[in-house]
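*Asks:* the sequence isn't on hand, but the structure is:
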């Protein structure tokens, strides 16, 4: 199956966890044989709480900056950075500055169980 979309025409869906977080499903698990591709946007002043996922995440930062907690490390991620978050590693995001933090997030086509650890 070949899929073509213009991302500007994909609706961003508000996410329940965190503040100012939305997600565009660029390629759903139904459209791709092995991965789903999503675009998360965390508005300036927003955050995503500490949580774990049962699947790994591959991320590419498109814009903005954020304090990202990855297990026992805290980094400042910015446009052009690449992150690999293994399954089960606790992580969170908090924007820095006045620009939205936007990143591509690829996950394997598998059940993703999310556990919120702190709000």
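*Replies:* Yep, it's here. Here the structure is a predicted model, which is why all the values come from computation and not from measurement.

*Asks:* can you list the low-confidence ranges for the protein?
*Replies:* Confidence mapping of the chain against pLDDT under 70 gives the ranges 119.

*Asks:* can you list the residue ranges for strands in it?
*Replies:* Along the chain, the stretches classed as strands by DSSP state E are 13-14, 19-27, 35-53, 57-63, 65-70, 73-78, 82-85, 91-96, 101-108, 114-116.

*Asks:* how much space is there between the residue nearest to residue 21 when sequence neighbours are not counted and residue 76?
*Replies:* Closest residue to residue 21 apart from its sequence neighbours, by C-beta to C-beta, 6 or more residues apart in numbering: residue 15 at 4.2 Å. The C-beta positions use only the backbone N, C-alpha and C, and glycine is treated the same way. Per C-beta to C-beta, to the nearest Å, residue 15 is found 22 Å from residue 76.

*Asks:* now do the buried residues in stretch 78-85.
*Replies:* Of the residues in stretch 78-85, 83, 85 count as buried by neighbour count, 16 or more other C-beta atoms under 10 Å.

*Asks:* please apply the same query to stretch 103-117.
*Replies:* Using 16+ other C-beta under 10 Å as the test for burial, stretch 103-117 gives 103-107.

*Asks:* next: stretch 12-32.
*Replies:* Across stretch 12-32, burial judged by 16+ other C-beta under 10 Å covers 18, 20-26, 29.

*Asks:* ends of that stretch, what's the gap?
*Replies:* From its first residue to its last, stretch 12-32 covers 19 Å (C-alpha to C-alpha, to the nearest Å).

*Asks:* what does stretch 106-119 rub up against?
*Replies:* Stretch 106-119 is contacted by residues 17, 29, 32-38, 49-59, 90, 92 when judged by C-beta atoms under 8 Å, 6 or more residues apart in numbering.
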